[in-house]
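Chemist: Give the three-dimensional model of this entry:
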Amino acid sequence: MFIRIKDLELRKLDFNEEYLPDTVDFGSDLRQLGPLQMVGRAELVREHHGGQHTVDDIRVVATLKGRMDINCARCIENVELDVNRSFDLLYRPLDSTKGSDEVNISEAETEIGYYKGEGLELEDVLREQVLLAVPIKTVCRPDCKGLCPHCGKNRNIESCDCGQKTGDPRWNTLKGLRDKLQ
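Modeler: Residues are numbered from 1 along each chain as shown. Modelled structure (predicted):
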């Protein structure tokens with residue numbers, strides 16, 4: 001769904017969109033398990049920047065609900081996550097920041113997104129919010145043992161004797177020296 005500035009000049013836009021799996025690309029690590037529901041409103045916010053200069057911002061207030069699947073960071077087993085997020089975002093035209101390459105911004109301005117052209121694609125907002133809702137490192141359970149770095153077995157399911165092996169052979173000379181000192 002494309003949110004046009006011209007449409008927002010006439011009225012606020014209420015939306016209730018459902019996105020089926022494989023309609024939005026979340027990258028290779030994240031998979032959508034069912035429909036994602038986004039309900040909310042988009043409206044035009046005109047900011048006056050001195051004189052006759054105004055900036056047309058798009059404000060999106062919505063909630064997002066759905067179910068996602070991601071691999072555990074330790075054992076790479078699938079982990080299902082509920083995504084339930086409310087947000088209130090402001091999007092500013094990309095060309096409104098013209099000027100020098102270095103600009104001081106306030107903390108509040110770090111929460112502003114940007115759009116290019118005549119409006120904003122709602123799927124881009126959805127993708128951004130789902131990616132922000134997923135933890136940086138997802139684990140299947142707090143005590144996940146992960147994969148064995150030597151043989152690759154999932155240590156949650158089966159044990160291996162790789163941990164019994166001696167360490168790196170490059171340390172053998174120092175280990176022999178330690179044994180002589182004792």
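
Chemist: count of residues packed around the residue nearest to residue 39 when sequence neighbours are not counted?
Modeler: Spatial nearest neighbour of residue 39, excluding adjacent residues (Cβ to Cβ, 6 or more residues apart in numbering): residue 16 at 4.8 Å. (Each C-beta comes from the backbone N, C-alpha and C, glycine too.) Residue 16 has 9 neighbours, counted by other Cβ atoms under 10 Å.

Chemist: Surely residue 16 forms part of a strand?
Modeler: Yes. Assessed with DSSP: H, G, I helix; E, B strand; the rest coil, residue 16 lies in a strand.

Chemist: wait, what's in contact with it?
Modeler: 37-39 (Cβ atoms under 8 Å, 6 or more residues apart in numbering).

Chemist: Now do the strands in the chain.
Modeler: 2-4, 13-19, 30-32, 36-48, 54-71, 78-93, 112-115, 119-121 (DSSP state E).

Chemist: show me what contacts the nearest residue to residue 74 once chain neighbours are set aside?
Modeler: Among residues not flanking residue 74 along the chain, residue 146 sits closest, at 3.5 Å (Cβ to Cβ, 6+ apart). Residue 146 is in contact with 74-75, 154-156, counting by Cβ under 8 Å, 6+ apart.

Chemist: per-residue pLDDT, residue 146?
Modeler: With respect to pLDDT, residue 146 has a value of 91.

Chemist: right, and out of the contacts of residue 146, which lies closest to residue 168?
Modeler: Using Cβ to Cβ, residue 155 is the member of the contacts of residue 146 that lies nearest residue 168, at 20.2 Å.

Chemist: count of neighbours near the closest one?
Modeler: By other Cβ under 10 Å, 17 other residues sit near residue 155.

Chemist: buried residues in stretch 26-37?
Modeler: Neighbour-count burial for stretch 26-37, counted by 16 or more other Cβ atoms under 10 Å, picks out 26, 30-32, 36.
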